[in-house]
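Q: no letters, just coordinates:
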């Protein structure tokens, strides 16, 4: 009987420990970086925009891994996925943004917001980033951001206000499978290096014909 009681007690203690670990999954430095990133923008309320700003419910001293739009590695607690699509973010993406402190980020979706200005090349420091989406914003330029991100497999920068030329040496994006830039005003010609990426899936929206339309349809 005593053995059974001790066994039940042990199971109860282990269960509580698991719950505590799960509850405290978020690392303090990751939470701080997310809160500071939120404060880099003017976030219009959901009432104003008739849409849902995911950052509205982010609160300090809570588990950031349970926040809307945030996913963490269950073993380490680092943020690996940030999806802030339709979150009413207004303003530029800073070159020294605290987003860069999320060094293990693998997927980033900032689409359908009101981001303006350039995509800073400092984003290239997110070396694990494989999926990046910034479509349907007001972005106008990017520097060497693309060329610094050799791990990228998916890029969606459609429906922005880009007016620059595509980088000439895009073959460094050797893992790229999807490249969507429709509805911009790119200048120049399609770089031949883009056609040298073996993993690019031309059958989808990244066909050579579509890319030609992407660049020349807005004059």
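A: Alright, I've got the coordinates. Keep in mind that what you see is a predicted model, and the values were worked out from it rather than measured.
Q: switch to C-alpha atoms for all contacts and neighbour counts from now on
A: Fine.
Q: quick check: chain neighbours aside, which residue is closest to residue 188?
A: Nearest non-adjacent residue to residue 188, counting by CA to CA, 6 or more residues apart in numbering: residue 165, 5.6 Å away.
Q: is that neighbour bridged to anything, and to what?
A: Beta bridges link residue 165 to residue 187 when assigned by DSSP bridges.
Q: and the pLDDT at it?
A: Looking at residue 165, its pLDDT is 82.
Q: what's the neighbour count on it?
A: Using other CA atoms under 10 Å, residue 165 has 16 neighbouring residues.
Q: so the residue nearest to residue 126 when sequence neighbours are not counted is in which element?
A: Nearest in space to residue 126, with sequence neighbours left out and distances taken as CA to CA, 6+ apart, is residue 103 at 5.6 Å. Taking DSSP states H and E as the criterion, no element holds residue 103; it sits outside all helices and strands.
Q: do the same with residue 91
A: strand 89-92.
Q: okay, now the unreliable bits of the protein?
A: The model of the chain has pLDDT under 70 over residues 1-23, 45-51, 143-146, 202-219.
Q: what ranges do the helices span in the protein?
A: 2-23, 28-38, 46-49, 208-216 (DSSP state H).
Q: quick one: contacts for the residue nearest the centre of the chain?
A: Residue closest to the average C-alpha location in the chain (CA atoms, centre = their mean): residue 108, at 1.0 Å. By CA atoms under 8 Å, 6 or more residues apart in numbering, residue 108 lies in contact with 81, 82, 83, 129, 131, 132, 133.
Q: how about 7 Å then?
A: Residues near residue 108 by CA atoms under 7 Å, 6 or more residues apart in numbering: 81, 82, 83, 131, 132, 133.
Q: and it, bridged to which residues?
A: Taking DSSP bridges as the rule, residue 108 bridges to residue 82, residue 132.
Q: straight-line length of stretch 37-53, end to end?
A: This stretch, stretch 37-53, spans 14 Å end to end (CA to CA, to the nearest Å).
Q: again, but for stretch 70-89
A: The stretch stretch 70-89 measures 16 Å between its terminal residues, going by CA to CA.
Q: contacts for it?
A: Applying CA under 7 Å, 6+ apart, the contact partners of stretch 70-89 are 25-27, 30, 41-44, 51-54, 65, 69, 102, 104-115.
Q: go through that stretch and flag the buried ones.
A: 70-72, 77-89 (16 or more other CA atoms under 10 Å).
Q: thinking again about what came up before, out of the contacts of stretch 70-89, which are buried?
A: Looks like the contacts of stretch 70-89 have 25-27, 30, 41, 43-44, 52-54, 65, 69, 102, 104-115 buried, using 16+ other CA under 10 Å.
Q: for the residue lying closest to residue 173 once chain neighbours are set aside, give its distance to residue 174.
A: Using CA to CA, 6+ apart and skipping the chain neighbours, the partner closest in space to residue 173 is residue 150 (4.8 Å). To residue 174, residue 150 is 7 Å away according to CA to CA.
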